[in-house]
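Asker: pasting the structure only:
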């Protein structure tokens, strides 16, 4: 039996996200003249496209929240590996990142990944 009509699988979601991102970048470039460059956010992972010329110092200044999440994540990953006996896959890693974000967020901003 096939998939229900209108249901998107992971492949189509990634494709739609990529298409949207490319369109967004084209529009920003056309309207504002900004350029883009790849940046490695997480070593060994896919690079992300960001506005060219934004220095690491400015990115770091805006990254305090990200650092809180990054500090909480290894603890959650270690617990996952202990429980499951292997490193988390892409889906589990995303869920753990959401859990880290929830745990470190201000109480009024929790559950942002759902």
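Answerer: Noted; the coordinates are in hand. In this text the structure is predicted, and so the values were computed from the model without any measurement.
Asker: show me where the protein has helices.
Answerer: Applying DSSP state H to the chain gives helices spanning 10-32, 56-61, 64-84, 90-104.
Asker: what would the ones you listed look like in TSV with distance to residue 42 and mean pLDDT?
Answerer: Every residue, glycine included, has its C-beta placed from N, CA and C. What follows is the helices of the chain, written out as TSV (distance: least, C-beta to C-beta, whole Å; pLDDT from 0 to 100):
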stretch	distance to residue 42	mean pLDDT
helix 10-32	17	90
helix 56-61	14	77
helix 64-84	9	91
helix 90-104	10	91
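Asker: can you redo those as CSV with mean neighbour count and distance to residue 40?
Answerer: Listed next are the helices of the chain as CSV, based on neighbours: other C-beta atoms under 10 Å; distance: least, C-beta to C-beta, whole Å:
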stretch, mean neighbour count, distance to residue 40
helix 10-32, 11, 17
helix 56-61, 10, 11
helix 64-84, 13, 14
helix 90-104, 15, 17
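Asker: Export those helices to JSON lines and append columns for distance to residue 41.
Answerer: Converted to JSON lines, the helices of the chain look like this (distance: least, C-beta to C-beta, whole Å):
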{"stretch": "helix 10-32", "distance to residue 41": "15"}
{"stretch": "helix 56-61", "distance to residue 41": "10"}
{"stretch": "helix 64-84", "distance to residue 41": "9"}
{"stretch": "helix 90-104", "distance to residue 41": "12"}
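Asker: Please name whichever of those helices is nearest to residue 45.
Answerer: Residue 45 lies closest, by C-beta to C-beta, to one member of the helices of the chain: helix 90-104, at 9.6 Å.
Asker: From the chain's centroid, how far away is that closest one?
Answerer: Computed by C-alpha atoms, centre = their mean, to the nearest Å, the chain-centroid distance of helix 90-104 equals 10 Å.
Asker: swap in stretch 32-50?
Answerer: Relative to the chain's own centre, stretch 32-50 is displaced by 12 Å; criterion: C-alpha atoms, centre = their mean.
Asker: Over to stretch 40-55?
Answerer: On C-alpha atoms, centre = their mean, the centre of stretch 40-55 falls 11 Å from that of its chain.
Asker: Mean confidence (pLDDT) on it, please.
Answerer: Regarding stretch 40-55, the rounded mean pLDDT is 85.
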